[in-house]
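# Need a 3D model of the sequence below.
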Amino acid sequence: MTGVRGAIAAVLLALGLTTAGCGLSLEDVPLPSLVDGPTYAVTVEFADALNLPVDAPVKLEGATVGQVTSVEAGEYVAEVGLALSTSVRLRASSRAEIRLTSPMGTAFVQLFPGTTGKALVAGDTLPVGATGSAPDVTDLLSSLSTVVTGGSFTDISTIITQLNTALTGNAGDVRRLLARLDVAVTDLNADFPRVDRLTVALDRLTKRLAGDLPEVTRSLTDLTDLVTSFDAQRRDLVLAMEALSRFDAVATPLTTAVRQDLVAQLKDMRPVVGTLLRGRADIDGVMRGLIAFADGSDRAAPGDFANFDLTFLLDPEALGDTGGR
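Numbering: from 1, shown residues only. So this is what the prediction gives:
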């Protein structure tokens with residue numbers, strides 16, 4: 001018996017020395033499979049995998065029917081690979097949740113079998129819409145913090161208190177303000193077709209301005225040159241305006257002083273102008289005769305100047321129409 005114990009001790013010692021020589025530890029020793037017999041692979045998508053470890057158990061109705069083989073990040077989801085026993089057949093309507101063995105325990109996958117849909121086979125995926133997560137310690141502590149510190153309820157209480165403070169003594173003003181807002185919103189709603197047409201017109205104007213942008217830019221450039229020229233001549237323009245102001249200061253009193261005389265002279269000229277207008281045909285003939293005479297005298301006596309006498313015959317009766325003046 002002593003020899004057998006010695007042999008066993010020697011074997012264990014040899015194994016220990018071999019393990020130490022290879023640099024292995026207990027973490028490198030693979031865990032035994034949680035499922036006996038053949039398995040098939042299924043992928044389950046979770047919105048949040050929490051702290052689900054690889055090799056975590058997969059349970060169905062209290063029994064372990066598989067284990068987690070991988071946890072990877074997908075398109076905004078956590079893709080969890082499961083190795084399920086071939087004795088378990090799930091349908092497409094099945095659900096899965098990540099739960100904890102205790103508030104401080106390890107996570108595992110809980111399956112809820114469905115009754116409709118096709119049976120899941122190797123390589124199938126259970127979408128994120130059919131999965132969920134049970135509340136964990138973090139959710140519990142967050143809820144407890146809300147209860148203890150007030151959480152959002154305290155903020156609501158503060159808002160209500162501030163509203164009460166603001167409305168105290170101002171209820172009438174607030175009521176009138178709400179009435180005015182109601183009228184304004186009603187009018188705006190009634191004028192909505194006009195606002196819509198205005199928006200469409202502004203859209204057309206914007207498109208036209210965008211199409212005419214080169215011309216607008218060129219016009220602004222020319223206007224800039226014009227403004228620059230005006231700015232360079234600003235001193236001369238100011239002097240001209242000042243001179244015009246001085247002229248106005250002198251001309252206005254003079255015009256006021258001679259206004260009556262000018263009006264009287266214009267009234268005196270009225271009969272003369274009337275007579276001239278009535279004899280316009282005769283005056284036109286005389287003027288045409290003078291022009292013909294000038295052309296003939298220029299041909300008859302070419303040179304720089306010529307002397308001649310001109311006699312006008314006036315009708316005293318025609319002059320009598322002007323009032324004897």
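# Do a quick rundown of the helices in the stretch 151-300 of the chain.
151-167, 171-190, 192-211, 213-232, 234-278, 280-300 (DSSP state H, counting those that start in this stretch).
# possible to save those helices as a markdown table with distance to Q67 and mean neighbour count?
Just so you know, the C-beta spots here come from the backbone N, C-alpha and C atoms, and that holds for glycine as well. As requested, those are arranged in a markdown table below (distance: least, Cβ to Cβ, whole Å; neighbours: other Cβ atoms under 10 Å):
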| stretch | distance to Q67 | mean neighbour count |
| --- | --- | --- |
| helix 151-167 | 39 | 10 |
| helix 171-190 | 62 | 10 |
| helix 192-211 | 63 | 10 |
| helix 213-232 | 69 | 10 |
| helix 234-278 | 91 | 10 |
| helix 280-300 | 126 | 10 |
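# Please name whichever of the ones you listed is nearest to E75.
Ranking these by proximity to E75 (Cβ to Cβ) places helix 151-167 first, at 31.8 Å.
# Enumerate every residue touching P57.
With contact taken as Cβ atoms under 8 Å, 6 or more residues apart in numbering, P57 is in contact with 34, 64, 66-68, 108-109.
# TSV please, covering the helices of the stretch 151-300 of the chain and showing distance to L100.
Formatted as TSV, the helices of the stretch 151-300 of the chain follow (distance: least, Cβ to Cβ, whole Å):
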stretch	distance to L100
helix 151-167	24
helix 171-190	51
helix 192-211	56
helix 213-232	66
helix 234-278	85
helix 280-300	122
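# Of these, which shows the lowest average pLDDT?
The weakest mean pLDDT among those belongs to helix 151-167, with a mean of 73.
# How about P127, nearest residue that isn't a chain neighbour?
E45 (5.6 Å; Cβ to Cβ, 6 or more residues apart in numbering).
# Make sure the one you found is indeed in a strand.
Yes: under DSSP: H, G, I helix; E, B strand; the rest coil, E45 falls within a strand.
# Identify the bridge partners of it.
Going by DSSP bridges, E45 is paired in beta bridges with E79.
# how many neighbours does it have?
20 (other Cβ atoms under 10 Å).
# my guess is it contacts V128, does it?
Yes: between E45 and V128 there is a contact under Cβ atoms under 8 Å: 4.2 Å.
# about what we covered before: can you redo the contacts of P57 as JSON lines, where the extra columns are pLDDT and distance to A41?
Formatted as JSON lines, the contacts of P57 follow (pLDDT from 0 to 100; distance: Cβ to Cβ, whole Å):
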{"residue": "L34", "pLDDT": "73", "distance to A41": "15"}
{"residue": "T64", "pLDDT": "88", "distance to A41": "17"}
{"residue": "G66", "pLDDT": "90", "distance to A41": "10"}
{"residue": "Q67", "pLDDT": "90", "distance to A41": "11"}
{"residue": "V68", "pLDDT": "91", "distance to A41": "11"}
{"residue": "F108", "pLDDT": "89", "distance to A41": "18"}
{"residue": "V109", "pLDDT": "91", "distance to A41": "14"}
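# Show me just the buried residues among these.
Neighbour-count burial (16 or more other Cβ atoms under 10 Å) applied to the contacts of P57 gives 34, 66-68, 108-109.
# who touches V54 in this structure?
V54 makes contacts with 68-71, as judged by Cβ under 8 Å, 6+ apart.
# Which stretches in the stretch 1-150 of the chain count as helices?
2-22, 137-149.
# mean pLDDT lowest for which of those?
Mean pLDDT per stretch puts helix 2-22 lowest among those, at a mean of 45.
# For the longest strand along the chain, C-alpha coordinates in PDB please.
Ranked by residue count under DSSP state E, the longest strand found in the chain is strand 63-73. Provided in PDB are the C-alpha atoms of strand 63-73 (Å, rounded to 0.1, in the frame of the first residue of the first chain):
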ATOM      1  CA  ALA A  63     -32.000  22.700 -16.700                       C
ATOM      2  CA  THR A  64     -28.700  23.500 -18.300                       C
ATOM      3  CA  VAL A  65     -29.100  22.800 -22.000                       C
ATOM      4  CA  GLY A  66     -26.000  24.600 -23.400                       C
ATOM      5  CA  GLN A  67     -23.300  27.200 -22.800                       C
ATOM      6  CA  VAL A  68     -22.000  30.400 -24.200                       C
ATOM      7  CA  THR A  69     -19.200  29.900 -26.700                       C
ATOM      8  CA  SER A  70     -18.500  33.600 -27.700                       C
ATOM      9  CA  VAL A  71     -19.500  37.200 -27.100                       C
ATOM     10  CA  GLU A  72     -18.700  39.600 -29.900                       C
ATOM     11  CA  ALA A  73     -19.700  43.200 -30.900                       C
END
